[in-house]
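Trainee: Provided below are the primary sequence and the corresponding predicted coordinates.
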Amino acid sequence: MVISRFLKARALRWGGLLIGLLLVFTASIFIGRYPQPYWMPPRLLQQDELARQLVLALRLPRLLAALMMGASLAAAGNVLQMVFRNPLVGPGILGVSQGAGFGAALAIIALSKMPLAVELSALLFASLGLALSYLIARQLHYGGWVLRLILSGIAVSALFSAGIGLLKYLADPLTQLPEITFWLLGGLWSVTWREALLMLPFVVTGLIIIYLMRWRLNLLSLSEETAFSLGSRMGRERALLLAGAVAAIAAVTAVGGVIGWVGLIIPHMARRLFGASAQRTVPATILLGAIFVVFCDTMARSLRPGEIPLGIITSLLGALIFILLMATVSARWKP
Amino acid sequence: MEALTGTLISIQKLSFSYDGDQRRVLDGLTLDLPAGAITAILGPNGVGKSTLIHILLGILKPTSGAITISGKDIQRYSRRELSRLIAFVPQSEYTAFEFSVLDYVLMGRAPHMGLLGMPTQDDLASTIERLELLGLSNLARRSVLELSGGERQLTLIARALAQEPQVLLLDEPTTHLDLSNKNRILTTLSKLNKRGTSVIFTTHDPDSAASIAQNLVLMKGGRVLSSGTAEEVLTAEGLTETYGVPVRVVPVDGQPVVLLDNSG
C-alpha cells in the first residue's frame, strides 16, 4: 500500500520531467528577439520566411546543442561523483572541463580551428586532466580520499587555467584571442547544424554507455572490497564509464566552452527526486540537465539585445540552487 | 549440534606478505573449514585475520600455499562464480550517497546480473524476502545513512544474503555494537546457519566466538594456534599466549567465559 503510493509519486515525477523538457524545448523555439523581444507567435512560421529560416537554421541546432550539453554535463557529473565516491566533485573540479578548455584553445591556435581537431584535442586533454587529478590524488599524503581528490583536482584545473592564460597571451589579438575569450566564457551562439552534428556521435556514445551501465555504477560507489566481493570488475567498469563521461564532456566543451555547475548540482537534484540509485539518477540527470541548460541558454540569447554568456547564467542559477540544496540537506553525510 | 558435512574450504600452508615487506602476515597457515558450520576466527588485532579474509575473497593473491573451495582451487573460480559462492560482510562500510535500504540490499543481486543488467521483479522479490528474514522490511525506504549501528550491520548481512551464497564471510561483525545489537547479530547468524548457510566470522572477542560458533580457530602470528570446539580452544594458556594478557576461563551454564585475570 505504502510502496504503491510511493511508486505512484515517483511515476508522477518522471512524467513531470518529460513534460517539463518538452515544454521548455517547445517554448524555446518561439522565445528570442525576433521579430520583437521575447516571443515569436507560432503562426509566423507559416507566414514569414525569415522566421522559418531562423528557427530551422539557428534556433533548432542551438536548442539541440543545449540539450546535449545539459544531458552530457549532468550525466557525466553523476558518473564522476559516484565513481570517485564523492558527491562534491564535478567536471569543473576534477580537471576535465579545464583540460577540455585547454585542448580546444590549443587547437584553435595551433590547428587554426578545424572543428574536428578542436573536438579531438579537447577530448585528449579532458582525459589527461582526469587522469592527472586521479594520479596526483593517489600520491598525496594528506587527508582522506575525498579531500585529496578535490585538492589535486583544483591543482590540475589551475595548471590548465594557467596554460589557457599562456595561450591567450600568445594568441593573435585580432583573430584568435577574441575567439578563445568568447569561447571560454561559454556559450552556444556559434552553433549551427554542423557543430550540433559534430557533437552528436560523441555525446550519444558517451550517454549510451552511461545509460546502459547505470545500475553497475552503484557498485562502483561502494568500497573497493565490497564491489570486488559483489563480482564487479572495477578497473574495467570504471574505465568504461569514465570514458563515456569524458567523451560527452569533451564534446560539449569543445563546442560550447567551459560551462560550470551543471555537472555538480543536477546530480544532487536528481538524488533528491529519485533517491541515490544510479538506475534512476542517470535518466533523471539526463532529463534535468537538458531542461536546465536549454532554459539557461534561452535566457542567455533572449534577455538582452546582445548575448549573455551562457556560463554566467548557469553559474548564477547553479550556485543559487546549490546553496538552496545544501541549506536544506540533512547533516548526515560527513566527508 | 548438527553433523558437519565435510570440508568446505581447505587452506594449505598459506603465506602472505605485502609487496616490499619482509614480514609475513600469514605464515604457513593450514586449516580446514567445515561445511554447514559456524566458524569463528579468533585472535587479537593484527594477527592476520583481515588478510585471510581478503585472500578468501580473491582480493589478495597468496605469496605461497593453496586454497581449495569445494575441492576446486580458488584461482580457478571466476570473479562472478566466487561472488555467488562467498558473500562478504565488511566490519563497516562508508558510503557518501543516501541509498535506500532496499536499493542497497538490491546490490547483492549483482553476481546474478550481467554488466548491463538491471534488477528484475525476481531480484526485487528476493531482496524483499531477505529484508523480511532479517526484520528490516519497515526500513526498506530509509536511507542507509540514517540507520543505527545494529540496523546497518543487518543491512550489510541482508545484502550478502541477496547474493545467495553458500558461505557468509563476516569481518568483525559485532565489534562496534552494544550488547543488545551484538546479541541480535549473533542470533541472526545462528538462524541463518540453521537454514543451511555456512558462516565464517572473525572476531577478537572470545565470548562472541564461544556463544554461537561450533568451530573456533585461534590465530597467532599468522598461524593457527589451535582449532576445535569452544572447550578445546578457549583455554587459559592458549588465550594468554595469543592476547598477551593473563586470562581465566570460567564455565558458565556449560559455556566457557573468558575473564581478565587480575589476581596476580
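Mentor: Looks like it came in fine.
Trainee: CA only for contacts and neighbour counts going forward, please
Mentor: Fine.
Trainee: what pLDDT does residue 112 get?
Mentor: I'll assume chain A. Listed pLDDT for residue A:112 reads 69.
Trainee: nope, chain B
Mentor: For residue B:112, the predicted pLDDT is 95.
Trainee: Would you quantify the distance from it to residue A:238?
Mentor: Going from residue B:112 to residue A:238 by Cα to Cα, to the nearest Å gives 19 Å.
Trainee: Phi first, then psi, for whichever residue of the stretch 151-264 of chain B sits closest to chain A.
Mentor: Of all residues in the stretch 151-264 of chain B, the one sitting closest to chain A is residue B:163 (7.8 Å; Cα to the nearest Cα). Main-chain torsions, residue B:163, degrees, to the nearest 10: phi -70, psi -10.
Trainee: Report how many residues lie close to it.
Mentor: Counted with other Cα atoms under 10 Å in any protein chain shown, the neighbours of residue B:163 add up to 28.
Trainee: Quick check: chain neighbours aside, which residue is closest to it?
Mentor: Using Cα to Cα, 6 or more residues apart in numbering or on different chains and skipping residues adjacent in sequence, the residue nearest residue B:163 is residue B:108, 4.9 Å away.
Trainee: quick one: that neighbour is in a helix?
Mentor: Yes - the assignment for residue B:108 (DSSP: H, G, I helix; E, B strand; the rest coil) places it in a helix.
Trainee: doesn't residue A:230 make contact with residue B:59?
Mentor: No - shown here, residue B:59 and residue A:230 do not form a contact pair, counting by Cα atoms under 8 Å, at 11.5 Å.
Trainee: more crowded one of those two?
Mentor: For residue B:59 versus residue A:230, neighbours defined as other Cα under 10 Å are more numerous around residue A:230 (28 against 15).
Trainee: right, and the more buried one touches residue B:114 too?
Mentor: No - contact criterion Cα under 8 Å: residue A:230 and residue B:114 do not qualify, at 11.8 Å.
Trainee: Kindly check the end-to-end length of stretch A:53-64 for me.
Mentor: For stretch A:53-64, the end-to-end distance is 16 Å (Cα to Cα).
Trainee: List the buried residues of that stretch.
Mentor: Across stretch A:53-64, burial judged by 16 or more other Cα atoms under 10 Å in any protein chain shown covers A:55, A:56, A:58, A:59, A:60, A:61, A:62, A:63, A:64.
Trainee: Can you name every helix or strand that the lowest-mean-pLDDT helix or strand in chain A contacts?
Mentor: Using mean pLDDT, DSSP states H and E, the weakest-scoring helix or strand in chain A turns out to be helix A:176-185, at a mean of 78. The criterion is 3 or more Cα pairs under 8 Å, 6 or more residues apart in numbering or on different chains; DSSP states H and E, and the helices and strands that helix A:176-185 contacts are helix A:96-110, helix A:145-170, helix A:310-328.
Trainee: For those, state which one has the densest average packing.
Mentor: Highest mean neighbour count among the helices and strands packed on helix A:176-185 (mean count of other Cα atoms under 10 Å in any protein chain shown): helix A:96-110, with a mean of 28.
Trainee: Strand partners (parallel or antiparallel) of the helix or strand hosting residue B:224?
Mentor: If you go by DSSP states H and E, residue B:224 is part of strand B:223-228. Sheet neighbours of strand B:223-228, with direction, are listed as strand B:215-220 (antiparallel) (DSSP bridges).
Trainee: What strand or helix carries the closest residue to residue A:81 other than its chain neighbours?
Mentor: In space, and not counting its chain neighbours, residue A:81 is closest to residue A:87: 4.9 Å by Cα to Cα, 6+ apart. Here residue A:87 is covered by no helix or strand, with elements defined by DSSP H and E.
Trainee: Return the residues in contact with residue A:87.
Mentor: Each residue near residue A:87 by Cα atoms under 8 Å, 6 or more residues apart in numbering or on different chains is listed here: A:81, A:264, A:268, B:96, B:97.
Trainee: how about those residues in TSV, adding neighbour count, pLDDT and secondary structure?
Mentor: Formatted as TSV, those follow (neighbours: other Cα atoms under 10 Å in any protein chain shown; pLDDT from 0 to 100; DSSP: H, G, I helix; E, B strand; the rest coil):
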residue	neighbour count	pLDDT	secondary structure
A:81	23	95	helix
A:264	27	92	helix
A:268	25	93	helix
B:96	21	89	coil
B:97	23	94	coil
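Trainee: near chain B, which residues of the stretch 51-200 of chain A show up?
Mentor: Residues of the stretch 51-200 of chain A lying close to chain B by Cα under 8 Å from any Cα of the partner chain are A:85, A:86, A:87.
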